[in-house]
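Novice: This is the structure alone, sequence omitted:
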């Protein structure tokens, strides 16, 4: 047995793929049962809505599992050029359209990654290993999932924000 298989019973690559899929599921399920208004509501002034954060996760994957691997510009994937715009829900966005967009990006990511090993070096943005891209995306998705948990709780209980409490 390889030392990478000892802890989880998975290879490192399988573990990364499994964790990415778990985050995808958590992120998309955060919109379940919410109204369009709840998903779009800005719960913290100057910060993104829940729908905006979910949209941003597609941007993260599109940039890192798309552009960084293939060199294909993010705008060809329907992603904004500027990171700041990736947090914003568009007027035309709905829960269904953002979910569909995320699923398209997920499939694109899976296809790009399927032919690569963790040690492979890709040059889409600058030379880096697939391993470094995986760890970057995992950390981003973990951070975004934390944001989503908070925004979901605020969307479900908008009068109980706790803002200003000590």
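Specialist: The structure has been received and is ready for your questions. Please read these numbers as outputs of a predicted model, since none were measured by experiment.

Novice: Helix or strand for the spatially most central residue of the chain, just tell me which one.
Specialist: Residue closest to the average C-alpha location in the chain (CA atoms, centre = their mean): residue 57, at 2.5 Å. Assigned by DSSP states H and E, residue 57 belongs to helix 50-61.

Novice: For the residue nearest to the centre of the chain, report the pLDDT, please.
Specialist: We have a pLDDT of 97 for residue 57.

Novice: so it makes contact with residue 144?
Specialist: Yes. If you go by CB atoms under 8 Å, residue 57 and residue 144 touch, sitting 5.2 Å apart. From N, CA and C alone the C-beta is placed, and that goes for glycine too.

Novice: Common neighbours of these two, please.
Specialist: residue 27 (CB atoms under 8 Å, 6 or more residues apart in numbering).

Novice: circling back: for the residue nearest to the centre of the chain, what are its contacts?
Specialist: 23, 27, 102, 140-141, 144.

Novice: Go again with 6 Å.
Specialist: Each residue near residue 57 by CB atoms under 6 Å, 6 or more residues apart in numbering is listed here: 27, 144.

Novice: Identify the residue nearest residue 120 in space, chain neighbours excluded?
Specialist: residue 130 (4.9 Å; CB to CB, 6 or more residues apart in numbering).

Novice: Count the neighbours of that neighbour for me.
Specialist: Around residue 130 there are 21 other residues, counting by other CB atoms under 10 Å.

Novice: Return the residues in contact with it.
Specialist: For residue 130, the contacting residues are 116, 118, 120, by CB under 6 Å, 6+ apart.

Novice: Dump the residues you listed to CSV, plus secondary structure.
Specialist: Output for those, formatted as CSV (DSSP: H, G, I helix; E, B strand; the rest coil):
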residue, secondary structure
116, coil
118, coil
120, coil
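
Novice: that older thread, tell me how far the residue nearest to the centre of the chain lies from residue 104.
Specialist: Residue 57 sits 13 Å away from residue 104, going by CB to CB, to the nearest Å.
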